[in-house]
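*Asks:* turn this into a model:
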Amino acid sequence: MAPEPATWTEDVLPEWIDYNGHLSEAYYVLVFGHATDAVIAGLGIDPAVTGTSLYTVEAHVRYLDQVPPGARLEVRTSVIG
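*Replies:* Alright, predicted model coming up:
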């Protein structure tokens, strides 16, 4: 049985909004990084102590809708290997 995906939520900050009034592209990756940091901590890995870490090898982003200011983002992370 595969473990449940870890879920991270974060609100879109005003400074992340681009000139079109939507979440700027770079901040998607920032939020993904925050979600990965939470997974690392949830696994009990402390890079400062263990000298180890996790790395994202591949990511697929699909921009299916606009993200407005103040929206709450949710990232679900599955460790598959």
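*Asks:* report the contact partners of the residue sitting nearest the centre point of the chain.
*Replies:* Closest to where the C-alpha atoms of the chain average out (Cα atoms, centre = their mean) is Phe32, at 1.9 Å. Phe32 sits next to 56, 59, 75 when contact means Cβ atoms under 8 Å, 6 or more residues apart in numbering. C-betas here are computed from N, CA, C, even on glycine.
*Asks:* mind listing what the residue nearest to Leu23 when sequence neighbours are not counted touches?
*Replies:* Distances taken as Cβ to Cβ, 6 or more residues apart in numbering place Val67 nearest to Leu23, at 3.7 Å, with adjacent residues excluded. With Cβ under 8 Å, 6+ apart as the criterion, the residues that contact Val67 are 12, 22-23, 73.
*Asks:* please report how far Val67 lies from Thr9.
*Replies:* As judged by Cβ to Cβ, to the nearest Å, Val67 and Thr9 stand 13 Å apart.
*Asks:* shared neighbours of the two, anything?
*Replies:* Leu73.
*Asks:* could I get the contacting residues of Ala59?
*Replies:* Under the criterion of Cβ under 8 Å, 6+ apart, the contact list for Ala59 reads 29, 32.
*Asks:* same thing but 10 Å
*Replies:* When contacts are counted by Cβ atoms under 10 Å, 6 or more residues apart in numbering, Ala59 is found next to 28-29, 32, 36.
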